[in-house]
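Turn this into a model:
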Amino acid sequence: MGLVALLVGFAPLAARAGGQAIQGQDVNGHPVSVNGAGHYTVVMYTNPDLEDESREMTLALDPFRSRSDFAFIRVVDLRGDVPPEMRGLVRGQIRKEMVREDKRLKEQRGITDASANAPIIPDFSGSTLDALGWDTVYSQVHLVVYDRHGHEIKRLADVSDPKELTKVMGDIL
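Below is the predicted model:
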């Protein structure tokens, strides 16, 4: 591997090192500190083609969702896919999905207001995705886990087995 390729390969890692704040905007336009302090955070990369896979990973995290020291953030890769005049419609669809998920978690797990610790960031520009080191469209779910201080502790690429995620989180928490 050439020196330039090596340095380019480490650039996203260097940007994430040291607990630098990664910001995003949730579906309602509120700021979200993706690697905020005070709780463990799982950040999931997903895109419209990964709806079923990301739902499986979301279900795998259900056992942890009631914890006060746990947050779950989904970043939806919508770079170049949605014209500006259609973004409100996309946000509305995401809000409907969040309502269904809140209802499911309340009925199945007794968790109220699950969305409070589980924002969804529709990333139309790619700014949050780029800050996370996700610089291309992926065909599998990707995950990053941050500790209570906002430092990255685990990165999982091409995750297809929900049991793997449950085990990783069980080991961390």
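
quick one, strands of this structure?
23-25, 31-33, 40-46, 70-77, 120-123, 141-146, 152-159 (DSSP state E).

Give me the angle between the third one and strand 141-146.
In other words, strand 40-46. Put simply, strand 40-46 runs at 160 degrees to strand 141-146, going by axes from the mean of the first three to the mean of the last three C-alpha atoms, to 10 degrees.

Residue ranges in this protein under the pLDDT threshold?
1-19 (pLDDT under 70).

do that again at 50, thanks
Counting by pLDDT under 50, the chain has low-confidence residues at 1-18.

which residues in it form helices?
Counting by DSSP state H, the chain has helices at residues 3-16, 51-60, 87-109, 127-131, 162-172.

Which strands or helices does the last one pack on?
Secondary-structure packing of helix 162-172 (3 or more C-beta pairs under 8 Å, 6 or more residues apart in numbering; DSSP states H and E): helix 51-60, strand 141-146, strand 152-159. From N, CA and C alone the C-beta is placed, and that goes for glycine too.

Pull out the buried residues from the last one.
Along strand 152-159, the positions that meet the burial threshold by neighbour count (16 or more other C-beta atoms under 10 Å) are 152, 156, 159.

Then stretch 89-103?
90-91, 94, 98, 101-102.

Residues in contact with it: which ones?
Residues outside stretch 89-103 that contact it (C-beta atoms under 8 Å, 6 or more residues apart in numbering) are 27-28, 58, 76, 78, 82, 113-115, 118, 120, 122.

which ones are touching the residue lying closest to A118 once chain neighbours are set aside?
Nearest in space to A118, with sequence neighbours left out and distances taken as C-beta to C-beta, 6 or more residues apart in numbering, is F72 at 4.5 Å. Shown in contact with F72 (C-beta under 8 Å, 6+ apart): 41-42, 44, 58, 61, 64-65, 117-118.
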